[in-house]
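Student: Mind folding the following:
(chains A and B)
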Amino acid sequence: MSERGNRFGRLLSWDAAVVLVTVIVLVVASGAVENFGTSRNFTFLLLDLLPIALVALPMTFIIVTGEIDLSVASTLGLTSAVMGSLWDAGLSIETIIPLCVVLGAVLGALNGFFVTVLKLPSLAVTIGTLALYRGLAFVVLGDGAVADFPRDYTSWVTGTIGDGPIPNVLIPLVVVALIFGVVLHATPIGRGVFAAGAGEQAARFAGIRTGRLKFWLYVVSGAVAGLAGVLWTLRYSSARADNGFGLELAVVAAVLLGGVSIFGGKGTLPGVLAGVVLLASLQNALRLQDVSNEALNIVTGVLLIVSVLLPNIVSSARDSVRRRRQAVSPER
Amino acid sequence: MTATKEATVTPGRTVHERRSWAANVFKARESGIVLALVVLVAFTATQNSRFLSGQSIRDILLGTAILAVLAVGQAVVMITRNIDLSVGSVLGLSAFAVGTLMKDNPGLPVIVAVLAGLAAGAVCGLLNGALVRFGQVPALVVTLGTLYAFRGVSYFWAGGQQINADKLPASFLDFGTASVLGVPWLVLIALLVLVVAGIVLRSYPAGRELYAMGSSPQAAQLAGIRVGRNTIAAFLVSGALAGLAGVLFAARFGTVDAAAGTGYELNVVAAAVVGGVAVFGGSGSVWGAGLGALLLTVIGSALAVLDINQFWQQAIVGALILLAIGADRLVAVRVAKALKKRDSHV
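Tutor: Below you'll find the model as predicted:
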């Protein structure tokens, strides 16, 4: 049935709808919200969505396999705290950055170990490491901050290409996103990810080593969160233990908004990126309207719930329409 | 899997019939926490005698009371194979609502505050339950969403203002500190919640149905258990208890702002998980959750007494969650193996 939904069905597909809504929000906000359409704000918008987008890439893989990683924001915070204390200790920034990414990968590997080797539920494991990593971040750096990072690096992260509105850091993000997109949608690894999410046992019978696959997904997720921690620290020129606090919500919200099923097995990376842009633009537009950061939580929370509810409502509505049609013409 | 879980739910009844009483006590999930508590208290007391002073014990009990009320609600939800991450926000919302109510109407008796808190929490819980039940979406996502949405409502409502103790009626603040025969009111209320929930879960059909749902939702449905209704009821209980915890919070601290209870959900889930409530439902007890709450509070207090950086507390909470679910897994695998062995001899 869904195959026969053909072109009309695809036009109505979730990711297409999200892209459409995103475009509408961008157009309406540019017209209605003062300063939203300025090139300066555009730069800030892109800088704001960068960490969400970055962390959302591996998160998409993990949720498609039917697991979750709630520890990403704490990994970002711990990386940032370690970055600060290493810089204080006098290491060079060129040594610190790769070390931080490796640290992220190690933290991710610990998640992966608990989930795939000990076979513990990923939700419980990553709630545990959410607390553990954030706690360690405070143990490392306390509630102070390290701020004197080299200007070359901080100004590159906040700077734009030429005099235009495009931030420098968008280039590596686009490259990384392309790599993730190709891997997910055009390689055996990506097919394995979808297969593991659709039915773990069937995937294993088909020769996919789901445990090993998931383990490496957690390692990548940790490494990317570590990289996000580095970029976050450089962007705000401030290493703090509470950096990125609560970011896991925005990331999970964006991924689900982008059409990835929380039950696994379904989703596209372009949809997720549209979800990230939608979430970030809405927040940005509301903030320009002087809506407080905290009140924005309502928007994020409601968006998260709606994005998981709506597909269910739509599909059950479709089912009832189909049933009624079949009742009218039983010969079909 | 189901069999092993049932076996651990009612130790001494089914599988362990032939084992000695002592072996059962040793095997009970709660014994590990009790042991950890005894060791921790003994060690801390030898390092600093201040730890066992009346004031210190009182603080620990008051802290435990609030956390235990939340953990009981969390246990009820987790037993049904769901989770309620919104409890910290519900606590904050209810604390602010009750604080505002008492500030504006100083003549109101305390019982009205308690009922108002329960009601505010119940409304939030009902919303969670209805979204999970009718939306057919995982509780994790729903309550992660409402965690932020309820907190947003608090901020929206409070708008940066704070309710201070000097604006609250004395009767309400007394309720937070007064005691009966040396036991603080807050502790009595927490004990009452524990006992009622413990008895209902253990001995009444309504309670047993929750375990059945958590062990196997399909089987429960086939057995005629009204899964949807029970799910809503479980979230209602959790929400109402979080609301009650909000009242206790406001009465104890006297100062409430929109951020009250931020991050509590982590400690609450930790208390339940450390207390032996399985994240995938079907097993655990509110006694365990209460003990978990006590352990976490004692750890916090011990860190302060031992002059260890308070920042360690959150890291320890995280490590405890990992340890607890790891140990739980180990026990489950052991029991499953033992059952297999025994069955092969029959």
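Student: Can you pull out the low-pLDDT segments for chain A?
Tutor: Along chain A, segments meeting pLDDT under 70 span A:1-12, A:328-332.
Student: Can you show me the strands along it?
Tutor: A:145-146, A:239-240 (DSSP state E).
Student: near chain B, anything from the last one?
Tutor: The one in question is strand A:239-240. No: figure legend: strand A:239-240 not in contact with chain B (Cβ under 8 Å from any Cβ of the partner chain); closest approach 12.9 Å. (C-beta placed from N, C-alpha, C; glycine too.)
Student: now for the strands of chain A, which one comes closest to A:F113?
Tutor: strand A:239-240 (27.1 Å; Cβ to Cβ).
Student: Run through the helices of the stretch 1-150 of chain B in chain order.
Tutor: Using DSSP state H, counting those that start in this stretch, the helices of the stretch 1-150 of chain B run over B:2-9, B:21-27, B:29-47, B:54-79, B:87-104, B:110-135, B:139-158.
Student: Kindly reformat the ones you listed as TSV and extend each row with mean pLDDT.
Tutor: Formatted as TSV, the helices of the stretch 1-150 of chain B follow (pLDDT from 0 to 100):
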stretch	mean pLDDT
helix B:2-9	42
helix B:21-27	55
helix B:29-47	86
helix B:54-79	93
helix B:87-104	94
helix B:110-135	95
helix B:139-158	90
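Student: Can I get the ones you listed in CSV including mean neighbour count and distance to chain A?
Tutor: Compiled in CSV, the helices of the stretch 1-150 of chain B are given as follows (neighbours: other Cβ atoms under 10 Å in any protein chain shown; distance: least, Cβ to the nearest Cβ, whole Å):
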stretch, mean neighbour count, distance to chain A
helix B:2-9, 18, 14
helix B:21-27, 12, 21
helix B:29-47, 15, 16
helix B:54-79, 24, 10
helix B:87-104, 27, 9
helix B:110-135, 21, 5
helix B:139-158, 24, 3
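Student: quick one, which of these is nearest to B:T297?
Tutor: helix B:54-79 (4.4 Å).
Student: which strands and helices sit next to that closest one?
Tutor: helix B:87-104, strand B:183-184, helix B:185-203, helix B:205-215, helix B:227-253, helix B:264-274, helix B:286-305 (3 or more Cβ pairs under 8 Å, 6 or more residues apart in numbering or on different chains; DSSP states H and E).
Student: and those as JSON lines, adding distance to A:V169?
Tutor: As requested, these are arranged in JSON lines below (distance: least, Cβ to Cβ, whole Å):
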{"stretch": "helix B:87-104", "distance to A:V169": "33"}
{"stretch": "strand B:183-184", "distance to A:V169": "54"}
{"stretch": "helix B:185-203", "distance to A:V169": "50"}
{"stretch": "helix B:205-215", "distance to A:V169": "46"}
{"stretch": "helix B:227-253", "distance to A:V169": "41"}
{"stretch": "helix B:264-274", "distance to A:V169": "31"}
{"stretch": "helix B:286-305", "distance to A:V169": "40"}
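Student: looking at those, which is closest to A:R322?
Tutor: helix B:227-253 (23.7 Å).
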